[in-house]
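In: Output the structure for:
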Amino acid sequence: MYQINLLLKNIYLIIFSIIIIIINEDNGLFINGQGLPDGFCPQPLIYRNSTNREADIENGYNFVGETKCLLPCPSPLFTKTQWDSYFMMSLIMGTISMFASLFLIITYSPLVNKKHTRHTVGILCMSIGIFLIMVSDGRQFWDKESGEKKYCPEPGRYARQSDTKCLTTGLFFQFGCVTAIGWWSILAVDLWMTIAKKVQTTRKQIIYYLVGLNTVSLILTFGPVLKNQYGFGNAAIGCWMLDLKYQYGFFWIPVGICLTVGSIFIGLIFWEIYKISDAVKKRYLKKHIKPLCLIVLMCLEFFYMFIYYSYVTANQPTYNKHVAEYIMCLIINAANVPGSYTCELKTVSPTAQFLFLIAIRLMGLQGLIFYGLTAATKKVWANSWICKDLLKLFKFLSKIFYNDDNDDGTEVDNNSSINSNYSSDDGAGDSDDGAGSDKFTKSSTNGGGETLDSNASSLEISGVETNNGTPRINSPDNLQP
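Out: Numbering: from 1, shown residues only. Purely as a prediction, here's the structure:
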């Protein structure tokens, strides 16, 4: 009886699968219409009986085609293990880069650095941009317990601009990215101007740089808010712009312009170094090697991110086809025991995605290595009021402790001398026999006819001994404790 039931079940599944395939191929109803039984969604898809589909889509529910099935959050583009590795990477590297960039911000801020140039302003602003990126990263150490709930508030719902945390992190991330790459290109121009000795920038020009770049960054950041573009996407680990046209218009095209400008001036820097003599070349390379390495390294990272994203976008139709095949696999195996089958979704490479995500999260650490651990940074801190006040405090405390030690030593010396005198007095009282006496008497007749003992061989007064005419001052080393 059991075998008959199992046979009928398998026949039913085969017939059901054939019907689904025929309907999908002929009419496209699985993706574009209702091709599934009402109330049924294969795992890990989530069924939702929506009463207002458009409102649900705006709130972040990601329906599969025209069905009532939702994609799980985070998306099945990556396995749970891969998602966990991405979020853990953002937690570790994001935290390290956040504190590294914070150190650079403090170092080059007016709080510590009183002398500002075009170069120090560029480092400060780029560090602020990187810091904002890290603060808005996928997972931070202060909210790691929330896990995916920050970006997946409900099962099957992706966070959107209406969620406060999503909007805040999205704005910080966008402003930080645009600011960081904008000032990176300025630093490339600045390094070329420094090596080539072309232009001396005035304070007024630095103010123009600040106002101009920050204005552009604010426009590129708040422009997408008007179209409710910030949200948690299928392949992201944080909230950002959702639609491709806004991503290109408000981010990738400006990034491409900055990359072009920065790359041109990096080439000019190498040309200037190539033209000068070997002796001067060595001196310039020694002085500017760290900033040059950072600019070139960040250029490679930005280029990788740009090329990778362009590649993924160009292959989007192929990935959509793979998603449809993945969902069809779930439908066919819907009645099977979970774990007895495997439906793989082959889209982007997990390794390439990991490199894409970690590239920008290395920049804070790189900034600390190439801009923070330098002689210039050491000089800034040495001349800062913080260092000077700490040095004064250290000297003050040292003086207090030194004086306390001296007072203790003086007290010991005084006590030792007093004890010595007491001992001498006792000895004088005990020795009354003529030549061996150390007793002091008056030397001349003075009314009472008292005389000084001529046989006294030594004299002791207030801790000073004389023996055979040689004076010696008593010290604690000469006394028994």
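In: For burial, what's the neighbour tally of N383?
Out: Neighbour count of N383, defined by other Cβ atoms under 10 Å: 13. Where you see a C-beta, it was placed from the backbone N, CA and C, and this is true even at glycine.
In: In this structure C343 contacts A324, no?
Out: No. Counting by Cβ atoms under 8 Å, C343 does not reach A324; the two are 11.9 Å apart.
In: Residues touching the helix or strand where M126 lies, excluding its own?
Out: Assigned by DSSP states H and E, M126 belongs to helix 118-135. For helix 118-135, the external contacting residues (Cβ atoms under 8 Å, 6 or more residues apart in numbering) are 94-95, 97-98, 101-102, 104-105, 108-109, 113, 172-173, 175-184, 186-187, 190, 193-194, 201, 205-206, 209-210, 213, 360-361, 363-364, 367, 371.
In: State the distance from the closest residue to Q174 other than its chain neighbours to T179.
Out: Excluding its sequence neighbours, the residue lying closest to Q174 (Cβ to Cβ, 6 or more residues apart in numbering) is T221, at 4.7 Å. Counting by Cβ to Cβ, to the nearest Å, the gap from T221 to T179 is 9 Å.
In: Tell me which of these two has more neighbours.
Out: More crowded of T221 and T179, by other Cβ under 10 Å: T179, with 26 against 22.
In: Nearest residue to the more buried one in space, ignoring adjacent ones along the chain?
Out: G129 (3.3 Å).
In: burial count for that neighbour?
Out: G129: 25 neighbours (other Cβ under 10 Å).
In: gap between it and S217?
Out: Applying Cβ to Cβ, the value for G129 to S217 is 8 Å.
In: what residues are shared contacts of those two?
Out: Contact criterion Cβ under 8 Å, 6+ apart; residues shared by G129 and S217: 175, 178-179, 182.
In: Most widely separated two among those?
Out: Largest separation among these by Cβ to Cβ: F175 and G182, giving 10.5 Å.
In: Overlap in contacts, the two.
Out: Common neighbours of F175 and G182 are listed as 129, 217 (criterion: Cβ under 8 Å, 6+ apart).
In: if I pick the nearest residue to C329 once chain neighbours are set aside, what's in contact with it?
Out: Leaving aside its sequence neighbours, C329 sits nearest to C343 (Cβ to Cβ, 6+ apart; 3.7 Å). Counting by Cβ under 8 Å, 6+ apart, C343 touches 326, 329-330, 333.
In: Ok, V189 next?
Out: 261-262, 265.
In: And the next helix or strand past the strand or helix carrying it?
Out: Assessed by DSSP H and E, V189 sits inside helix 164-196. Proceeding C-terminally, helix 164-196 gives way to helix 203-222 as the next helix or strand, assigned by DSSP H and E.
In: Check which element follows that following helix along the chain.
Out: Downstream of helix 203-222, the first helix or strand assigned by DSSP H and E is strand 230-232.
In: The helix or strand that that next one is followed by: partners in the sheet, and parallel or antiparallel?
Out: With elements assigned by DSSP H and E, the helix or strand that comes after strand 230-232 is strand 239-241. Counting by DSSP bridges, the strands paired with strand 239-241 are strand 230-232 (antiparallel).
In: Domain-wise, how is this protein divided?
Out: The chain breaks down into these domains under automatic domain parsing: 80-325+350-381, 384-427+473-481.
In: First-to-last residue distance for the first one?
Out: Think domain 80-325+350-381. End-to-end span of domain 80-325+350-381 (Cα to Cα, to the nearest Å): 46 Å.
In: Tell me where the stretch 301-450 of the chain has helices.
Out: Assigned by DSSP state H, counting those that start in this stretch, the helices in the stretch 301-450 of the chain fall at 316-332, 350-359, 363-367, 375-382, 385-430.
In: swap that for the stretch 1-150 of the chain, please
Out: Using DSSP H, counting those that start in this stretch, helices in the stretch 1-150 of the chain cover 2-27, 29-32, 53-58, 80-108, 118-135.
In: quick one, the longest one and helix 118-135 angle?
Out: By that I understand helix 80-108. Using axes from the mean of the first three to the mean of the last three Cα atoms, to 10 degrees, the inter-axis angle of helix 80-108 relative to helix 118-135 is 150 degrees.
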